[in-house]
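In: Got a sequence here, can you model it:
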Amino acid sequence: MLKKIAVALLIICFCSCVYAETATVFLQGGIVFGQTLRRLQCDVSSLQYNSHLRGESITDLVVIIISGGGHLIESIAIYEYLGMLKGEGMTIHAVASGICASGAMLVLQAGDVRYAGKYTGLMTHAPMVAFTPLSTTILTMEEIMELYDHMESTNKMMVKLHADRMGKKPTEIMQWFTSVPCFMTAEEAYQRGFIDRVIYDGVTFYNFYKRTDK
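Out: Take a look at the predicted model:
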């Protein structure tokens with residue numbers, strides 16, 4: 001009996017050495033193909049390694065987004081990467097700060113809870129193709145039509161992704177995904193369903209994110 005009690009106490013002591021903690025990473029600046037995701041993965045891996053050395057486990061990951069957007073494919077990859085972290089048991093708190101536009105808005109939707117600072121500007125639009133002023137790319141009529149069809153199907157995919165996260169039908173939010181950028185305040189984004197909570201003056205995020213009110 002004493003042996004069993006001793007083993008039970010040892011297990012309890014070992015488990016008590018493993019603590020849950022909140023970690024923070026920044027997604028700041030333009031979302032660049034082949035760079036932004038790799039940098040984010042390195043930051044998260046480093047946090048996980050340091051947490052493991054302390055006998056802790058990251059259960060809440062705060063992703064602070066200060067970005068005007070960028071490459072669509074890279075944005076999708078970041079969205080899916082955060083989804084994989086959620087599959088590993090992490091709760092993702094996505095926080096828009098300052099500016100959160102274009103592809104960064106897609107990343108924001110990966111959060112289990114989506115926040116935005118009171119004065120943060122947010123923006124959505126349909127996918128765009130950019131050619132540099134010095135580009136010598138020449139497209140045939142068929143290629144232009146094919147590109148148009150691809151962009152149209154991509155926009156439908158983006159709209160559906162946002163609509164599913166917002167609990168709405170794609171037709172209800174299509175108006176905010178056109179070739180004309182749709183800018184909105186944090187309050188407007190909250191009313192439309194793009195975010196869950198607005199962080200107001202005098203309230204730090206770390207004292208705020210466990211609250212159940214807005």
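In: use CA for all of it now, contacts and neighbours both
Out: OK.
In: just for this structure, where's the confidence low?
Out: 1-20, 131-136, 201-214 (pLDDT under 70).
In: if we go to 80?
Out: Within the chain, the stretches with pLDDT under 80 are 1-20, 53-55, 129-138, 144, 147-148, 201-214.
In: Now do the longest helix belonging to the chain: which elements does it pack against?
Out: Assignment by DSSP state H gives helix 141-166 as the longest helix of the chain. Identification of packing neighbours for helix 141-166 by 3 or more Cα pairs under 8 Å, 6 or more residues apart in numbering; DSSP states H and E yields helix 170-173.
In: I'd like to know which elements the helix it packs on is packed against.
Out: Counting by 3+ Cα pairs under 8 Å, 6+ apart, helix 170-173 packs on helix 141-166.
In: Tell me how far the helix it packs on lies from the chain's centre.
Out: Computed by Cα atoms, centre = their mean, to the nearest Å, the separation of helix 141-166 from the middle of its chain amounts to 20 Å.
In: which parts of that helix are buried?
Out: Buried residues in helix 141-166, counted by 16 or more other Cα atoms under 10 Å: 151, 155-156, 158-160, 162-163, 165-166.
In: same question, stretch 182-192
Out: 182, 184-187, 189-190, 192.
In: From these, pick the one nearest Ile73.
Out: Distance to Ile73 across the buried residues of stretch 182-192 (Cα to Cα) is lowest for Cys182, with 20.7 Å.
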